[in-house]
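>>> Next comes the sequence, and after it the predicted model I'd like to discuss.
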Amino acid sequence: MSDCMSDRKMKNRGALLALSLSIALTGPAPAAGTFAVRLASDPAPPPSAGQTAQTIRIRPLPAPTYLDPDFDIDATATSALPVPFTASGDCAVKDSTVHLLSAGKCSITASQPGDSRYQAAPDVEIRLAIGKAEQTIRLPKPSFKAFLDPDFDLGATASSGLPVVLVATGDCEVNGSIARILGAGTCSVSALQPGDSSFTAARIVDVTFAIARADQTIDFRLSGPLYRNTDFRLTASATSGLPVRFDAYGTCWVSGSILHLLADGICTVTADQAGNRNFNPTPTVTKTVTVLPIQ
């Protein structure tokens, strides 16, 4: 195959016209003489010929943080035509308003496709790093608590809505968000939330509260008459389950839980429970009976 270029200059009506022709030969080289050739013209001008170029300008945006309110993008085209946006990553855009979906990366592309007067503008892309949002923990101090109170919810919450981890020390324990009192004394609870892909770790919150001793009562029954020179076993119980102590006055005396009736008259017996680390002392219960002679 061989190519040759022929330039001809023709003068027509006083004007000089330059014509560039490309001659393509196909097959083996022909012998000298006359042969047919195919002329190829220059490519057609691009569709944008005659249109004005345009560019897009976007006003810089500060670095956002997750949970920031929606914000607008300010973009203008030199053509004054409207600039539409598309978004990808951890954000979404509607019209010119950006909504942050989570912490991470946000890519926003501004474009202007042009019209009959303006060429399409080169796309402009802005990339934003979306920072993690801060969070706080709310851990209210429980109201008055005493030993034997039922289990209760500590009511710990994080502003992020993420679950709060609770750790207890002292005279209590925690299972999930539920606290159980183990005895009178002091309970200390620490609340923490380690954060996730969209939230930073929360500052640890501590709360300490006192656990009072529980009240207790005695069930003690004694009725007469009783008879002298006899022994009588006293029975009483405390709601705490602790042992009850007896005292006797008058015509009787007591040893342990055995009441000894000595003579005719009035016998007064008291029952009480002194309490311990977890229980308050009981009010004293007093019973009076008449001791009669043996008939």
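Sure, I can see it. Numbering: from 1, shown residues only.
>>> Tell me which residues of stretch 110-124 come out buried.
Buried residues in stretch 110-124, defined by neighbour count with 16 or more other Cβ atoms under 10 Å: 110, 111, 112, 114, 118, 119, 121, 124. C-beta here means a position set from N, CA and C on the backbone, and glycine is covered the same way.
>>> from these, which is closest to residue 52?
The shortest separation between residue 52 and any of these is 5.3 Å, and it belongs to residue 118 (by Cβ to Cβ).
>>> Name the nearest residue to that closest one, sequence neighbours excluded.
Counting by Cβ to Cβ, 6 or more residues apart in numbering, residue 79 is the residue found nearest to residue 118 once chain neighbours are left out, at 4.3 Å.
>>> Show the contacting residues for that neighbour.
When contacts are counted by Cβ atoms under 8 Å, 6 or more residues apart in numbering, residue 79 is found next to 52, 54, 112, 114, 115, 117, 118, 121.
>>> so what's the fourth one up against?
Counting by Cβ under 8 Å, 6+ apart, residue 114 makes contact with 48, 51, 54, 79, 81, 120, 121.
>>> hmm, try it at 10 Å
48, 51, 52, 53, 54, 77, 79, 81, 120, 121 (Cβ atoms under 10 Å, 6 or more residues apart in numbering).
>>> same question, the fifth one
When the contact criterion is Cβ under 10 Å, 6+ apart, the partners of residue 115 are 51, 54, 79, 81.
>>> now those in CSV, with secondary structure?
As requested, the contacts of residue 115 are exported to CSV (DSSP: H, G, I helix; E, B strand; the rest coil):
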residue, secondary structure
51, coil
54, coil
79, coil
81, coil
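>>> Whichever of the residues you listed end up buried, select them in PyMOL.
Buried members of the contacts of residue 115 can be picked out in PyMOL with the line below, counting by 16+ other Cβ under 10 Å:
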select buried, resi 51+54+79+81
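>>> Surely residue 266 touches residue 288?
Yes. The pair residue 266 and residue 288 qualifies as a contact (Cβ atoms under 10 Å) at a distance of 6.2 Å.
>>> shared neighbours of those two, which are they?
Both residue 266 and residue 288 are in contact with 224, 249, 250, where contact means Cβ under 10 Å, 6+ apart.
>>> Please pull out the lowest mean pLDDT helix or strand from this protein.
strand 38-39 (a mean of 30; mean pLDDT, DSSP states H and E).
>>> Can you name the next helix or strand after it?
In the C-terminal direction, the helix or strand that comes right after strand 38-39 (DSSP states H and E) is strand 56-58.
>>> packing partners for that following strand?
Using 3 or more Cβ pairs under 10 Å, 6 or more residues apart in numbering; DSSP states H and E as the contact criterion, the elements in contact with strand 56-58 are strand 75-77, strand 104-112, strand 121-130.
>>> can I get the ones you listed in CSV with mean pLDDT and distance to residue 217?
Shown next, in CSV, are the helices and strands packed on strand 56-58 (pLDDT from 0 to 100; distance: least, Cβ to Cβ, whole Å):
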stretch, mean pLDDT, distance to residue 217
strand 75-77, 96, 79
strand 104-112, 97, 62
strand 121-130, 96, 62
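>>> Make JSON lines out of the ones you listed and add distance to residue 191.
Formatted as JSON lines, the helices and strands packed on strand 56-58 follow (distance: least, Cβ to Cβ, whole Å):
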{"stretch": "strand 75-77", "distance to residue 191": "45"}
{"stretch": "strand 104-112", "distance to residue 191": "27"}
{"stretch": "strand 121-130", "distance to residue 191": "27"}
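>>> domains for this protein, by residue range?
As given by automatic domain parsing, the domain ranges for the chain are 3-39, 56-130, 137-212, 218-292.
>>> per-stretch mean pLDDT over those, give me the minimum one.
Within the domains of the chain, the stretch with the lowest mean pLDDT is domain 3-39, showing a mean of 37.
>>> could you turn stretch 91-106 into CSV, dropping everything but the C-alphas?
The C-alpha atoms that make up stretch 91-106 are tabulated as CSV, following Å, rounded to 0.1, in the frame of the first residue of the first chain:
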residue,chain,number,x,y,z
CYS,A,91,-24.4,11.5,52.5
ALA,A,92,-27.3,12.3,50.3
VAL,A,93,-28.3,15.4,48.4
LYS,A,94,-31.7,16.7,47.4
ASP,A,95,-31.7,19.7,45.1
SER,A,96,-28.9,21.7,46.8
THR,A,97,-29.4,20.4,50.4
VAL,A,98,-27.0,17.8,51.8
HIS,A,99,-28.0,15.3,54.5
LEU,A,100,-25.4,13.4,56.4
LEU,A,101,-26.1,9.7,56.8
SER,A,102,-23.2,8.7,59.1
ALA,A,103,-19.6,9.6,59.9
GLY,A,104,-17.3,8.7,57.0
LYS,A,105,-16.7,10.1,53.5
CYS,A,106,-19.0,12.2,51.3
